[in-house]
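A.B. asks: Give me coordinates for this.
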Amino acid sequence: MNPSVARFRSGEIVLIEPFTNSGSGKDGHIGVIVGRGDALDAYIVAPILQGGDHQPSDRYAIPVEAADWEEERPDGKQVICVDRMMTIPESNIVTERLGRLRSAKLRDVMRAWSALAARNFSRTFHAANRPGNDPVRASLEEETGDADQAPAARGIPYAGRVFTEDEVEAAVSAALDFWLTLGPEGEAFEKDLAGVLGVRRSILVNSGSSANLLAVSALTSHKVQTGRRISPGDEVITCAAGFPTTVAPIIQCGAVPVMIDADPVTLNARVDQLEEAFVTGKTKAVIMAHTLGNPFDLAVVSDFCRRHDLWLIEDNCDALGSTYDGRLTGTVGDLSTQSFYPPHHITMGEGGAVNIVRDMRLKALVESFRDWGRDCWCASGKDNTCKNRFGWTLGELPEGYDHKYIYSHFGYNMKPLDIQAAIGREQLRRLPAFVEARKSNWERLRRSLADLEEFFEFQLPTHATGWAPTGFAWDGSGHRADASWFGFLLLVRPDAPFTHSEIARHLDARKIGNRMLFGGNLVRQPAFVRFRQEKAGAFRIRHLSAARTSGIKSADIGALLPGADRIMKSALFVGTFPGLSTPQVDSIIDCIRDFALTR
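C.D. replies: Below you'll find the model as predicted:
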């Protein structure tokens with residue numbers, strides 16, 4: 001194909017020699033040139049049918065109004081049939097040109113054409129990524145022969161991306177716009193997420209770990225009110241067991257993590273240790289995760305922070321859709337964070353968010369640290385929203401220095417791509433169904449493994465005292481936690497005839513995904529051991545001083561953080577994610593039962 005000799009341009013309306021039984025013009029059939037074919041002197045043409053002959057029944061029948069034509073137009077109602085596209089040799093195109101579509105309508109036609117291809121591709125090749133009990137998935141697996149394989153033979157992941165052709169189309173559509181950096185899709189997603197959560201604002205970032213770093217960094221700003229700012233050497237209380245990037249931002253910002261223990265059954269922080277970890281004038285904040293989707297004791301933690309005038313950051317990365325006393329997690333603290341990595345509740349590949357729960361003064365601080373540390377708050381591609389771009393005098397810069405290049409913080413570049421946000425918007429619409437699927441899968445696992453309590457302790461929601469097939473028993477606090485479960489915990493009992501490593505190897509050998517509880521006791525991780533050895537006062541454990549923590553022995557850590565140690569030695573989890581089908585969940589159950597009952 002030689003583009004330089006093309007006789008027709010995209011959008012031109014032409015007459016074509018007969019190739020169908022309907023929609024003919026006076027001297028042939030009307031079509032719109034959409035593009036060039038791979039073959040020399042061939043064009044891709046979408047037929048235009050008379051509206052009276054064809055009632056548009058779906059999105060691929062594009063109606064054409066009088067205003068959609070640049071020049072003279074065919075008479076009557078017209079419909080461009082994108083789903084009847086075909087390649088036509090140039091010799092079949094009559095030289096007479098009837099007119100041309102305006103650019104906006106041609107864009108609609110070509111976008112619909114791309115969407116049709118993208119959706120067909122996804123339905124053909126992404127069946128395994130559809131929701132677990134999606135009837136379309138079952139039908140497609142039947143067609144490809146995958147349904148004949150036992151679930152375990154194909155492998156059962158502990159988590160993964162769950163999507164349909166909607167997300168693929170959204171990604172392709174955003175790619176066609178080629179905005180690339182965070183733009184209109186990102187702005188829309190931020191509004192959508194904030195609306196779902198009921199917070200003042202959500203700020204998109206490139207990962208959940210970055211979200212935690214930005215949340216802590218924002219509280220170190222010189223713009224935070226005196227007495228509440230986190231300064232180097234100040235302390236932040238956190239949990240010793242969990243994911244390292246809940247704790248790492250404290251260190252990266254020059255503050256001191258103060259570790260309290262974890263409850264091995266809820267997997268959350270021992271909130272009864274908060275007061276002993278607190279130091280007047282030094283403690284400035286609390287950051288904790290809702291582990292495996294289980295809300296931590298927000299009543300106690302938020303009261304503790306209120307009484308001591310501390311910031312509260314909720315690491316909500318594992319818990320989107322969980323509630324505490326009917327209120328969504330991530331909406332109680334001052335800031336909260338989300339992750340959109342594929343194993344999480346919704347995904348955009350890589351991605352995360354910082355949620356501004358109440359105080360909008362924090363928005364500009366988070367965005368500044370996200371966007372290179374700049375003082376300007378204009379969105380990408382926009383200028384002078386402050387109406388004073390060249391009127392600022394800050395630092396020791398000359399008067400009138402461009403505000404877009406004034407930096408008030410040592411920041412980062414932590415924005416995601418607009419394509420990711422487009423995917424995220426589709427995912428967010430699935431959140432209610434995803435949450436219900438996680439709860440249903442968790443309950444199926446729990447009911448089917450109920451007779452294995454001699455080998456395992458199973459996770460309980462915060463404030464629950466027990467489980468029965470009829471539901472949970474609750475403590476007398478009056479508070480209730482409703483988890484959107486990230487996984488299903490298997491806490492191996494000390495007297496079980498096997499270890500958590502042995503059952504993990506058994507599951508792994510049978511292609512059943514499983515994970516230990518992230519970093520386990522973080523104090524024992526190589527990075528933290530080396531940090532403690534190399535830097536005096538690197539972190540504290542509970543009531544101990546920094547000096548005593550620096551010289552602590554391994555046996556003493558076990559005495560101070562027994563829950564974190566038990567999680568490290570005994571806990572693993574399997575999947576509950578919405579991509580699991582009922583046969584897959586049953587295969588997980590069978591594998592666990594077979595292992596436990598034959599030891």
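A.B. asks: What residues sit buried inside stretch 241-248?
C.D. replies: Ala241, Gly242, Phe243, Thr245, Thr246, Val247, Ala248 (16 or more other C-beta atoms under 10 Å). For glycine as for every other residue, the C-beta is placed from the backbone atoms N, C-alpha and C.
A.B. asks: Distance of the nearest residue to the third one once chain neighbours are set aside relative to Ala241?
C.D. replies: Computed as C-beta to C-beta, 6 or more residues apart in numbering, the closest residue to Phe243 that is not its neighbour in sequence is Phe518, at 4.3 Å. When distance is defined by C-beta to C-beta, to the nearest Å, Phe518 is 8 Å away from Ala241.
A.B. asks: Ok, Ile512 next?
C.D. replies: According to C-beta to C-beta, Ile512 and Ala241 sit 24 Å apart.
A.B. asks: what's the answer for Leu320, then?
C.D. replies: From Leu320 across to Ala241, the span is 21 Å (C-beta to C-beta).
A.B. asks: ditto for Gly400
C.D. replies: As for Gly400, its distance to Ala241 is 53 Å (criterion: C-beta to C-beta).
A.B. asks: likewise Glu436?
C.D. replies: Distance check for Glu436 against Ala241: by C-beta to C-beta, it reads 28 Å.
A.B. asks: same deal with Ala481?
C.D. replies: The value you get for Ala481 to Ala241, if C-beta to C-beta is used, is 18 Å.
A.B. asks: Check Ala504 too.
C.D. replies: 17 Å.
A.B. asks: again with Asn388
C.D. replies: Asn388 sits at a distance of 49 Å from Ala241 (criterion: C-beta to C-beta).
A.B. asks: how far is stretch 303-315 from where the chain is centred?
C.D. replies: The chain centre lies 26 Å from the centre of stretch 303-315; the measure is C-alpha atoms, centre = their mean, to the nearest Å.
A.B. asks: Kindly tell me how buried Ala527 is, as a neighbour count.
C.D. replies: 12 (other C-beta atoms under 10 Å).
A.B. asks: Out of the buried residues of stretch 241-248, list just those in helices.
C.D. replies: Mapping the buried residues of stretch 241-248 onto helices (DSSP state H) picks out Thr245, Thr246, Val247, Ala248.
A.B. asks: Out of those residues, which is nearest to Ala6?
C.D. replies: The nearest member of these to Ala6, counting by C-beta to C-beta, is Thr245 at 53.2 Å.
A.B. asks: what pLDDT does that closest one get?
C.D. replies: Thr245 carries a pLDDT value of 98.
A.B. asks: Give me the nearest residue to it, chain neighbours excluded.
C.D. replies: Ser209 (3.7 Å).
A.B. asks: Helix, strand or coil: sort out that neighbour for me.
C.D. replies: With DSSP: H, G, I helix; E, B strand; the rest coil as the basis, the three-state label of Ser209 is helix.
A.B. asks: For Ala596, give me its contacts.
C.D. replies: Leu452, Phe455, Phe456, Ala496, Phe498, Ile503 (C-beta atoms under 8 Å, 6 or more residues apart in numbering).
A.B. asks: from the residues you listed, which would you call buried?
C.D. replies: Buried subset of these (neighbour count, 16+ other C-beta under 10 Å): Leu452, Phe455, Phe456, Ala496, Ile503.
A.B. asks: Which of these fall within strands?
C.D. replies: Taking DSSP state E as the definition of strands, the buried ones among the contacts of Ala596 contribute Phe456.
A.B. asks: and the buried ones among the contacts of Ala596 as CSV, adding pLDDT and distance to Ala269?
C.D. replies: Listed next are the buried ones among the contacts of Ala596 as CSV, based on pLDDT from 0 to 100; distance: C-beta to C-beta, whole Å:
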residue, pLDDT, distance to Ala269
Leu452, 98, 27
Phe455, 98, 26
Phe456, 98, 22
Ala496, 98, 26
Ile503, 98, 26
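A.B. asks: any idea which of the buried ones among the contacts of Ala596 is the one closest to Phe125?
C.D. replies: Within these, the smallest distance to Phe125 is 34.0 Å, found for Ile503 (C-beta to C-beta).
A.B. asks: which SS class is the residue lying closest to that closest one once chain neighbours are set aside?
C.D. replies: Among residues not flanking Ile503 along the chain, Phe595 sits closest, at 5.6 Å (C-beta to C-beta, 6+ apart). Using three-state DSSP, the secondary structure recorded for Phe595 is helix.
A.B. asks: thinking again about what came up before, so the residue nearest to Phe243: helix, strand or coil?
C.D. replies: Using three-state DSSP, the structure places Phe518 in coil.
A.B. asks: Could you do the one 5 residues further on as well?
C.D. replies: When the structure is split into helix, strand and coil by three-state DSSP, Val523 lands in helix.
A.B. asks: How about Ile48?
C.D. replies: Put simply, Ile48 is strand when judged by three-state DSSP.
A.B. asks: Tell me how far the residue lying closest to it once chain neighbours are set aside lies from Pro184.
C.D. replies: Excluding its sequence neighbours, the residue lying closest to Ile48 (C-beta to C-beta, 6+ apart) is Ile30, at 4.3 Å. Here Ile30 is placed at a distance of 34 Å from Pro184 (C-beta to C-beta).
A.B. asks: For burial, what's the neighbour tally of Thr124?
C.D. replies: With other C-beta under 10 Å as criterion, Thr124 counts 12.
A.B. asks: quick one: average confidence on the lengthiest helix in the chain?
C.D. replies: If you go by DSSP H, the chain has its longest helix at helix 418-448. Mean per-residue pLDDT for helix 418-448: 98.
A.B. asks: Which strands and helices lie in contact with it?
C.D. replies: Under the contact criterion of 3 or more C-beta pairs under 8 Å, 6 or more residues apart in numbering; DSSP states H and E, helix 418-448 touches helix 165-177, helix 184-197, strand 487-492, helix 582-597.
A.B. asks: hmm, back to that, what is the nearest of the buried residues of stretch 241-248 to Val286?
C.D. replies: Proximity of these to Val286 (C-beta to C-beta) peaks at Thr246, which lies at 11.2 Å.
A.B. asks: Point out the most buried one among the helices and strands packed on helix 418-448.
C.D. replies: strand 487-492 (a mean of 25; mean count of other C-beta atoms under 10 Å).
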